[in-house]
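**Q** From the sequence below, what's the structure:
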Amino acid sequence: MISNYNALKKYLFRSLRKIIRTLFDFLPVKINQIFARKGYTYFISRKKKFDFKTNIYGTKLFIKADSQSNIDRVATSNIFINDDFTYSYTDPIKGIFNLNLDNWTMIDIGANVGTYSIAATEAGATKVFAIEPGRTFKRLKYNVNLNKLQKKVKIYNFGISKSNGYLNWYEELNNIGNAHLLRDKNDIDLSKTNTFLNENFIKVKVRTLNSFVKENKIEKIDLIKIDVEGMEWDIIKNCEKIIKHHKPIFLIETHRMMSDIIGYDCITPIFNFLYKLNYKSYSFENNRFVDFIYPNFPMDTFFIPKKNNKNN
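**A** The predicted structure follows:
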């Protein structure tokens with residue numbers, strides 16, 4: 001009975017959500033902008049393209065957002081409404097705010113338009129290295145300048161990969177701002193996803209994490225956030241010396257679907273590698289860190305060295 005009730009509740013909620021979003025599709029752009037600036041981005045039209053400025057993740061900081069970018073809408077939403085009617089700010093950023101780090105340094109790999117990099121400064125970060133190779137770099141720069149954070153947030157227009165060189169940046173047509181770094185579009189299996197890639201790719205420079213840390217003489221790393229659409233393992237697998245020296249906390253997107261798309265298991269090696277280096281894995285749920293063991297992982301995983309387990 002309970003499962004049937006929950007299934008009915010989800011169905012009714014999804015139906016209501018569809019009705020509300022359809023209503024906003026018929027409303028003028030100015031009305032959509034008013035709701036967006038107030039933080040009701042969960043409801044605004046996805047079909048109408050417009051910009052708006054508002055706060056991110058409930059902080060006093062803000063960005064210029066794109067109505068058709070899912071990343072922007074989540075970051076600027078007052079609430080995130082799940083299918084089970086629960087309301088919360090997105091959990092990974094809440095996890096960062098609950099790490100209790102002082103005067104900390106962050107490397108944000110896959111910074112996109114800068115929502116995590118910017119919000120991290122309000123969570124106590126005194127130095128953020130925000131790395132974004134694609135077209136969204138211009139918006140990253142704009143948003144950092146918008147908040148006058150140039151001294152705290154340093155931005156870099158290249159990617160991080162397993163070797164130095166160049167790759168092609170293919171943006172997703174149905175998820176503006178999201179992209180894949182590939183040698184060729186055929187490197188991923190699009191039949192495994194609803195993703196459609198823009199044929200107008202751009203060639204971008206990529207560096208290894210080892211090279212980046214050495215070239216920028218980074219003396220302290222407290223948190224590394226990695227969201228690179230399946231390239232997470234490529235980035236960290238040759239960085240054992242950096243990890244042992246700095247013992248950073250990792251926030252890594254561990255998306256099950258990515259292994260299907262790129263054709264090999266890109267998730268399991270991350271867990272095995274960091275477990276061997278004395279890390280524990282956590283999700284952040286219901287305002288607390290939840291200890292779990294692979295393979296029971298969520299979409300975003302915090303890897304915390306055992307010396308820092310006071311954060312759970």
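**Q** quick one: the helices in the stretch 51-200 of the chain?
**A** With DSSP state H, counting those that start in this stretch, the ranges of helices along the stretch 51-200 of the chain come out as 70-76, 91-97, 115-122, 137-146.
**Q** Which one of these lies nearest to Met106?
**A** Put simply, out of the helices of the stretch 51-200 of the chain the one that sits nearest Met106 is helix 115-122, at 5.1 Å, with distance taken as CB to CB. Just so you know, the C-beta spots here come from the backbone N, C-alpha and C atoms, and that holds for glycine as well.
**Q** packing partners for that closest one?
**A** Contact here means 3 or more CB pairs under 8 Å, 6 or more residues apart in numbering; DSSP states H and E; on that basis helix 115-122 packs against helix 70-76, helix 91-97, strand 104-109, strand 125-131, helix 137-146, strand 153-156.
**Q** okay, these, which one's buried deepest?
**A** The densest packing among these, expressed as mean neighbour count by mean count of other CB atoms under 10 Å, is seen in strand 104-109 with a mean of 25.
**Q** Can you tell me which of the helices and strands packed on helix 115-122 is nearest to Lys247?
**A** Across those, Lys247 has its closest neighbour in strand 104-109 (12.5 Å, CB to CB).
**Q** Need the residues that contact the closest one.
**A** Here strand 104-109 makes contact (CB atoms under 8 Å, 6 or more residues apart in numbering) with 116-117, 120, 124-131, 160, 209, 212-213, 218, 220-228, 235, 248.
**Q** Is there a quick ChimeraX command that grabs whichever of those are buried?
**A** Below is the selection syntax for ChimeraX that covers the buried ones among those, with 16 or more other CB atoms under 10 Å defining burial:
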select :116,117,120,124,125,127,128,129,130,131,160,209,212,213,221,222,223,224,225,226,227,228,235,248
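**Q** Any stretches of the stretch 1-150 of the chain with poor pLDDT?
**A** Within the stretch 1-150 of the chain, the set of residues satisfying pLDDT under 70 comprises 1-3, 79-90.
**Q** Swap in 90 and give it another go.
**A** Applying pLDDT under 90 to the stretch 1-150 of the chain flags the ranges 1-18, 20-21, 42-43, 46, 58, 70, 78-91, 100, 102, 134.
**Q** check contacts around the residue nearest the centre of the chain.
**A** Closest to where the C-alpha atoms of the chain average out (CA atoms, centre = their mean) is Asp227, at 5.2 Å. Applying CB under 8 Å, 6+ apart to Asp227 gives the contacts Ile109, Gly110, Asn112, Ile252, Glu253.
**Q** Can I get the helices and strands packed on helix 115-122 in a markdown table including distance to Phe52?
**A** As requested, those are exported to a markdown table (distance: least, CB to CB, whole Å):
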| stretch | distance to Phe52 |
| --- | --- |
| helix 70-76 | 8 |
| helix 91-97 | 20 |
| strand 104-109 | 23 |
| strand 125-131 | 22 |
| helix 137-146 | 13 |
| strand 153-156 | 22 |
